[in-house]
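Need the 3D shape of this:
(chains A and B)
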Amino acid sequence: MLTRRTILTATLAAAAVSAIGARPSLAQLSKKEVFFDKDAPVLGNPKGDVTVVEFFDYQCPYCKKTHPMVEKVVKADGNVRLVLKDWPIFGDVSVFAAQAVLGAAQIGKYETAMNALMKTKGKLTHEEVEKRLTGAGLPMQDIAAAVNRHNAKISGLLDRNYGQALAFNFAGTPAFVIGTAIFPGVLDEKGLKEAIATARG
Amino acid sequence: MRKATLLALVLVLIAAVIPARAFEAPLPVDDAFVPAFDRGSGGALVITWRIADGYYLYRDYLAAQDEDGKALSLKTEPGRIKDDPGFGSTEVYYGKASAMIAGPPAKVRLTYQGCQDGGLCYPPTTRTIDVAAMTASVVGGGSFSLPVPKATANEGFRIAGGSAHTAVDRLLTDGGIGLLLAGFLGFGLLLAFTPCVFPMYPIVAAMLSREGTRLTAGRGFMLSGAYALALATAFGLLGMAAAWSGRNVQMALQSPLAIGAVAVLFIVLALSSFGLFHIQLPAALSNRFHTGSGKGGSLGGAALLGFSSAFLIGPCVTAPLAGALLYIARTGDVLIGALALFALGLGKGIPLVILSTVGGKALPRAGGWMETIRHVFGFVFLATAIWLAMPLIPERFVLLPWAVLALVFGVYAASYEGLRPTGGYGVMLRSVAFISLLWGALLFIGFSLGASDPLTPLGPLKGSVSAGAHPSVRKADFAKIESRNDLASQLQASSARNEPTLLYVTAGWCVTCRTVERSVLTDPDVAAALDGVRLTSLDVTALDPARRALMQSLDVIGPPTMIFFDAEQREASGTRLVGDITAVSLAGSAGAAKGTLQ
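Predicted structure coming up:
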């Protein structure tokens, strides 16, 4: 039968669909837990009026590739808190890297350790992680001691990060929470700035 | 059918002006990597992944274990070395990947991991494969997950990453408002060549011919410009209304009353084209033309004419516009809605302005062949009227008006005396007349046989269509949903049976929905594609609070909308249909929704 067939609407609609669902636990998540976890190190301006939370992995190539841009935007803005939440998804090397950096945080070397690993490319091995940290002036025995001493604290933080990532139903890393909006996947500079502006209201 | 081609063209044009976004919202992992299982030689288990475009799997992260967690040897093929400056070098698979396990145990736990190129890396996915049955059980599931309504409460979070991906949003975010307007202008320009807009041409021609000898190119430009601007303004107001009131404009434009009224108007125009009577402009308007001292009055008249023409064209183009209108309604931005449709109206006016400026002077005064052109326009108007009214005509009778039109046109063409019967054009005309008569006769026969498809009038002779493997789908087959709880229980039931669910949002006033129910659902391909899909419908004719809440939580703007849920009660990504739904798009979406079952 002769009908008003148009592909237009169907295609427009297809583009609009995104099947990002929410888990029931999402409702139980408070802003305080996501933005102000007492054990999560804070970068940028700790007193900033907007918090950018990024779920990431030290072996996720896109997290590392876009990290300099994220830092640049946060620094240029000057009024943003940046919380990097470890979500190790690439096996035990990722868990090891996350623990090591959080251990370094306990001896006041968070940024040094984090930056050393963010500068690596793609896949890592245990040896590569150790080499990079040692190269940044962080002897492994110091880090290991710190991790052991604060084991409960670090494991608790990693567990909470994991739970939150699932509650947000994030597909993977990187993923951002900015204000009341969530962004799965890489954000470009424009997108990040806009998200911060939106969160600021 | 020409319309379908035209709109496909429009679509290509629009797609061409939308620059690709750097990062698409990532697919759910099960859509990015789709594993399939097969038995290889010697009882080996062969796993093949279909990998979506722009996604890849890591070779290093493919792993298999038996039920006790003991690693199984996995034979894989070499992948491509992915090596870029920010990446390091890793072996990955694009498009397709496969792995083999020789002598597998009864249950295999398979783990794989990959990324969206340039965007996001997924956590490892694990599936348990029952080797005897060659099925995989999906980990998790069970919870009823719907897209989160946007900006609901002060506390809590909303989904933003996924929402900024309609074509309209994209035109706006990537190219700014300039590109959005250019897109709509181009769309309008293409719409200017559809029958809906044809009445504008005689109207403007009549307007210009009143100028008589005073008509110059400049004057033609001024008059038609005023007409086009007024038309665009009227469309701008429509856009504003659409953005402001959401669904309601759609509802008003699509109501049987509006469609019927415009169809009647087209018939009146056609009769007037045949010279049965002259349409007299209202006295007030007519006076403006004649007594308007100097140019001001006449320009005002042209503007008034343009503004009122929009009410004729508006409902006629709603179907192709449905998608755009719904998205304007969704953004809720009054200014953007107004500007976008203003640009659309302007686009429709451009050919008119060009014609009036360039051809105004040469405009044919009344004469023999002008008469013929008017008659042909009359037939086009009649065809447009029938096309508009089709969903309103009882199904049993839809062939009748087409049959009559084809016969009458055949008789008209056959008896036309302006050409030598033996000349080239004469032969062509006679052939056209003959084909039209033949087709009209066939349609009449089809009508008497009870057919309803103008393209296969003799279809009933082939025997009953519904005797096929899949009886055609009827509206009554859909289970009625009235609230969120209804939907939840339906989804639970289909989840238990591992079948996808279709939710069809419809309404009594929605003319497009009738077309869907009559000619899309009855298509044998659609019936086959919907076999094994649980059918549910949400009728929003009377919008009570429960239905409204459900519509909101599903992010549905209006009927017709079709949403497919997979067996895990999540919307299957990329399958939602809004506006004019075709048999092809519906079968495609149903197939995709079924494809999510593993």
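
is it true that B:S472 touches B:A528?
No - between B:S472 and B:A528 there is no contact under C-beta atoms under 8 Å: 10.0 Å. C-beta here means a position set from N, CA and C on the backbone, and glycine is covered the same way.

So, low pLDDT: which residues of chain A?
A:1-29 (pLDDT under 70).

What ranges does it have for its helices?
A:8-16, A:31-35, A:61-77, A:91-106, A:110-118, A:126-135, A:140-149, A:151-167, A:189-200 (DSSP state H).

Just name the most buried of those.
helix A:8-16 (a mean of 24; mean count of other C-beta atoms under 10 Å in any protein chain shown).

Each with direction, which strands does whichever strand or helix holds B:L502 pair with?
B:L502 belongs to strand B:501-506 when elements are defined using DSSP states H and E. If you go by DSSP bridges, strand B:501-506 pairs up with strand B:534-539 (parallel), strand B:561-565 (antiparallel).

Check the offset of that strand from the chain's centre.
16 Å (C-alpha atoms, centre = their mean, to the nearest Å).

Need the residues that contact that strand.
B:475, B:478, B:481, B:487, B:490-491, B:494, B:513, B:516-517, B:530, B:533-540, B:551, B:554, B:556, B:558-565, B:590, B:593 (C-beta atoms under 8 Å, 6 or more residues apart in numbering or on different chains).

Burial check on the residue nearest to B:G119 when sequence neighbours are not counted, number of neighbours?
Spatial nearest neighbour of B:G119, chain neighbours left out: A:G185 (4.3 Å); criterion: C-beta to C-beta, 6 or more residues apart in numbering or on different chains. Applying other C-beta atoms under 10 Å in any protein chain shown, we find 25 residues neighbouring A:G185.

so what's A:G185 up against?
A:171-172, A:174-175, B:23, B:25-26, B:116, B:119-120, B:161.

Give the other helices and strands that the host helix or strand of B:G306 contacts.
Per DSSP H and E: B:G306 is located in helix B:295-316. Contacts defined by 3 or more C-beta pairs under 8 Å, 6 or more residues apart in numbering or on different chains; DSSP states H and E place helix B:295-316 against helix B:200-209, helix B:217-245, helix B:247-254, helix B:256-273, helix B:283-291, helix B:334-359, helix B:368-389.

end-to-end on stretch A:133-141?
11 Å (C-alpha to C-alpha, to the nearest Å).

Show me what it is in contact with.
A:100, A:104, A:109, A:112-113, A:115-117, A:130, A:143.

Closest one to B:T575 out of those, please.
A:L117 (40.1 Å; C-beta to C-beta).

Name the nearest residue to the closest one, sequence neighbours excluded.
Per C-beta to C-beta, 6+ apart, closest to A:L117 is A:Y58, 4.7 Å.

What's the separation between the one you found and chain B?
11 Å (C-beta to the nearest C-beta, to the nearest Å).

how close does that residue sit to A:D92?
A:Y58 sits 12 Å away from A:D92, taking C-beta to C-beta, to the nearest Å as the criterion.

okay, and for the stretch 51-200 of chain B, where does confidence drop off?
Using pLDDT under 70, the flagged stretches of the stretch 51-200 of chain B are B:83-88, B:137-176.

can you give me the strands for it?
For the stretch 51-200 of chain B, strands defined by DSSP state E, counting those that start in this stretch occupy the ranges B:55-58, B:63-65, B:71-72, B:75-76, B:80-84, B:88-94, B:96-101, B:107-112, B:114-116, B:120-121, B:125-130, B:135-137, B:158-159.

now the first one: how far from the chain's centre is it?
I take that to be strand B:55-58. With C-alpha atoms, centre = their mean, you get 33 Å for strand B:55-58.

do the same with the second one
Here the centre of strand B:63-65 is set off from its chain's centre by 45 Å, with C-alpha atoms, centre = their mean.

Then the fourth one?
Chain-centre distance of strand B:75-76: 44 Å, with C-alpha atoms, centre = their mean.
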